[in-house]
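Asks: Structure of the sequence below:
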Amino acid sequence: MSTAFPVLTAAEMRAGEQKTIDAGTSVDTLMERAGAAIAEAVWRIAGGSEVLILCGPGNNGGDGYVAARLLRDRGMTIRLAASAPAKAEAAARAAARWTGPIETLAEAKRAAVIVDALFGTGLTRPLDPATADGLARLCTSAHRRIAVDLPSGIATDDGTVLGAVPRFDLTIALGALKPSHLLLPAAEHCGQVAVADIGLGPIDGRTHRIVRPSFIAPPHDANKYSRGKLVVLAGEMSGASLLSALAGQRAGAGYVELLGSEGDAPPHALVRRAWSERALDDPRISAIVVGPGLGRGKSARARLDAALATGKPLVLDADALTLIGKSRHDRLAGHILTPHWGEFTRLFGDGGKDRLTQARNAAAQSGAIVLLKGADSIVAHPDGRAAIASLASSWLASAGTGDVLAGIIGALLAGGQAPFEAAQAGIWLHAEAARLAGPVLIADDLIAHLPTALAACL
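Replies: Now for the predicted structure:
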């Protein structure tokens, strides 16, 4: 799994910048690089339109002053408005190199393209009313809205929107992604996010964005068991477990068995067997999915206990999570939990912190890989690592899509992927299948599009 897209908190970003400065790169050089990246993006988007760049008093504003100067040198019509004089030393030097007029934010006239360089990484409080009103007024009438690093009024680390924040068409992330580029509700205000390389050195971070996984086709000497035998436990709602099993087949498992569901309905490649605890003794089983459609009665609990007793890697979803509750976390280490927020709070409670922090805490507490599902899904490892998915299709808010995800992850786990990587790859395939399926999808549509999604990873 690639980590080419690190996601840095404000503190990690500051540490990375300081490390780069200590290695001999000046703040002014970093600012020139950031301004050049902003200017290039604006040049490509704005065409011949008039551009208004809004600058704040800090280094984010300094980046805006540099961009304004470089774009003016390219012959573009550039206006600049400031919410306050530049205060940071490097920003003041950048402002001094801008020789054009500086309007006040309150009096600035509208423009077709707005560039928000007021505040970026590190903001912890809402914008003052005058600044917020000025930004909103100018963004409302603009045809294109571009934010530098983060839209002003958004916290960096947890997806919080600190006040009334306009929605932007493009956000230029300087140096690296930040959590709020991916986490709701902030991510919806960022629009498309592009990462600008400003020459930072290697940065230590515990979080990355989930990217397209890389698979290889089975070798010619593969067999159905070497590709992985996946068992899905059926229960009271046979449709949910069937969705998981079918998804497991289409996600690459060589042998999928639906245990606890008899009959011989298509597809005939899916093995259906009556429930037997002894069936779980098969040493060829590589992974088990338990929870979709399982139920919550005595029979369901017995099947869950039998699965936990096998020592096989498990994907625990839906009813299995409810049965586990808040009292049985000692049996979860090494497995993959796939709760939505309601299931998560039943398992771990609501600690009142952001989703990323709570997912990390839950993984550390349980020893499990925790996949906290949502449009901004998070995968957390017990050692503190985490991965965040780009926003997925809102059409996934449909019955059964979570059962499909459990089956996909089960297949990847059965195929030999480590749990942390299997959860991430499953999230990507699930989202890609949804993109291919288009609007008004149902869970069954995802299964049909999984082969195409997977083919993009070969």
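Asks: In contact with the residue minimising distance to the centre of the chain, which residues are there?
Replies: Using CA atoms, centre = their mean, the residue of the chain that lies closest to the mean C-alpha position is residue 389, 2.0 Å off. By CB atoms under 8 Å, 6 or more residues apart in numbering, the residues touching residue 389 are 182, 209-210, 376-379, 424, 427-428, 431. Using the backbone N, CA and C atoms, a C-beta is placed for each residue, glycine as well.
Asks: ditto for residue 200
Replies: By CB under 8 Å, 6+ apart, the residues touching residue 200 are 16-17, 19-20, 30, 175-176.
Asks: Put together TSV for the residues you listed, with pLDDT on each row.
Replies: Formatted as TSV, the contacts of residue 200 follow (pLDDT from 0 to 100):
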residue	pLDDT
16	93
17	94
19	93
20	94
30	97
175	94
176	95
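Asks: Tell me the buried residues within those.
Replies: Buried by 16 or more other CB atoms under 10 Å: 16-17, 20, 30, 175-176, out of the contacts of residue 200.
Asks: At which residues are the strands of the stretch 201-350 of the chain located?
Replies: For the stretch 201-350 of the chain, the strands defined by DSSP state E, counting those that start in this stretch occupy 207-209, 229-233, 255-259, 271-273, 285-290, 314-316, 336-337.
Asks: The third one vs strand 229-233, what angle?
Replies: With axes from the mean of the first three to the mean of the last three CA atoms, to 10 degrees defining the directions, strand 255-259 sits at 20 degrees from strand 229-233.
Asks: so how far is residue 260 from residue 294?
Replies: 9 Å (CB to CB, to the nearest Å).
Asks: list residues touching both of these two?
Replies: Listed contacts common to residue 294 and residue 260 are 233-235, 241, 303; contacts here mean CB under 8 Å, 6+ apart.
Asks: what's the most distant pair in these?
Replies: Farthest apart among those by CB to CB are 241 and 303. That separation is 10.7 Å.
Asks: So which of those two has more stuff around it?
Replies: Set side by side, residue 241 and residue 303 show more neighbours around residue 241, with 28 against 25, by other CB atoms under 10 Å.
Asks: That one is in contact with residue 235, isn't it?
Replies: Yes: with contact defined as CB atoms under 8 Å, residue 241 reaches residue 235; the gap is 6.4 Å.
Asks: Look up the residues that both of those two are in contact with.
Replies: Here residue 241 and residue 235 share the contacting residues 260, 293-294, scored by CB under 8 Å, 6+ apart.
Asks: tell me which of these is nearest to residue 284?
Replies: Nearest to residue 284 among those: residue 260, at 18.3 Å, using CB to CB.
Asks: Can you report phi and psi for the closest one?
Replies: Dihedral pair for residue 260: phi 110, psi 10, per degrees, to the nearest 10.
Asks: Over to residue 51?
Replies: Dihedral angles for residue 51 - degrees, to the nearest 10 - are phi -120, psi 130.
Asks: Run through the residues that contact it.
Replies: 42, 71, 76-79, 111-115.
Asks: Which ones among these lie within helices?
Replies: Applying DSSP state H to the contacts of residue 51, the entries found in helices are 42, 71.
Asks: now, among the contacts of residue 389, which is nearest to residue 9?
Replies: The nearest member of the contacts of residue 389 to residue 9, counting by CB to CB, is residue 182 at 12.4 Å.
Asks: Go through the shared contacts of residue 241 and residue 235 and give me the one with the most neighbours.
Replies: residue 294 (30 neighbours).
Asks: isn't that residue right next to residue 235, touching?
Replies: Yes: using CB under 8 Å, residue 294 is in contact with residue 235, at 3.7 Å.
Asks: ok so, going back, common neighbours of residue 241 and residue 303, please.
Replies: What both residue 241 and residue 303 touch, as defined by CB under 8 Å, 6+ apart, is the set 233, 235, 260, 294.
Asks: Would you mind giving the residues you listed as JSON lines with pLDDT added?
Replies: JSON lines is the format used below for the shared contacts of residue 241 and residue 303 (pLDDT from 0 to 100):
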{"residue": "233", "pLDDT": "98"}
{"residue": "235", "pLDDT": "94"}
{"residue": "260", "pLDDT": "95"}
{"residue": "294", "pLDDT": "96"}
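Asks: how about these, which pair is most distant?
Replies: Across these, no pair lies farther apart than 260 and 294, at 9.0 Å, counting by CB to CB.
Asks: distance of the residue nearest to residue 264 when sequence neighbours are not counted from residue 290?
Replies: Distances taken as CB to CB, 6 or more residues apart in numbering place residue 272 nearest to residue 264, at 6.9 Å, with adjacent residues excluded. Distance, residue 272 to residue 290, by CB to CB: 16 Å.
Asks: picking up where we left off before, dig out what the residue nearest to residue 264 forms beta bridges with.
Replies: Here residue 272 sits in beta bridges with residue 258, going by DSSP bridges.
Asks: Test my guess that it contacts residue 256.
Replies: No: with contacts counted by CB under 8 Å, residue 272 stays clear of residue 256, the gap being 10.1 Å.
Asks: Looking at those two now, which is surrounded by more residues?
Replies: Using other CB under 10 Å, the more surrounded residue of residue 272 and residue 256 is residue 256, with 28 against 18.
Asks: Could I get the contacting residues of the more buried one?
Replies: 229-232, 245, 248-249, 269-271, 411.
Asks: In ChimeraX, select just the buried ones from those.
Replies: A single ChimeraX command selects the buried members of the contacts of residue 256 (16+ other CB under 10 Å):
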select :229,230,231,232,245,248,249,270,411
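Asks: Residue 19 sits in which helix or strand?
Replies: Using DSSP states H and E, residue 19 sits within helix 10-22.
Asks: What helices and strands are in contact with that helix?
Replies: helix 27-46 (3 or more CB pairs under 8 Å, 6 or more residues apart in numbering; DSSP states H and E).
Asks: Report how many residues lie close to the nearest residue to residue 139 once chain neighbours are set aside.
Replies: Closest residue in space to residue 139, ignoring its immediate chain neighbours: residue 166 at 3.8 Å, by CB to CB, 6+ apart. Residues lying near residue 166 (other CB under 10 Å) number 20.
Asks: same deal with residue 87?
Replies: Neighbourhood size, residue 87 [other CB under 10 Å]: 14.
Asks: ok, and the closest non-adjacent residue to it?
Replies: For residue 87, ignoring the flanking residues on the chain, the nearest one in space by CB to CB, 6+ apart is residue 57 at 4.3 Å.
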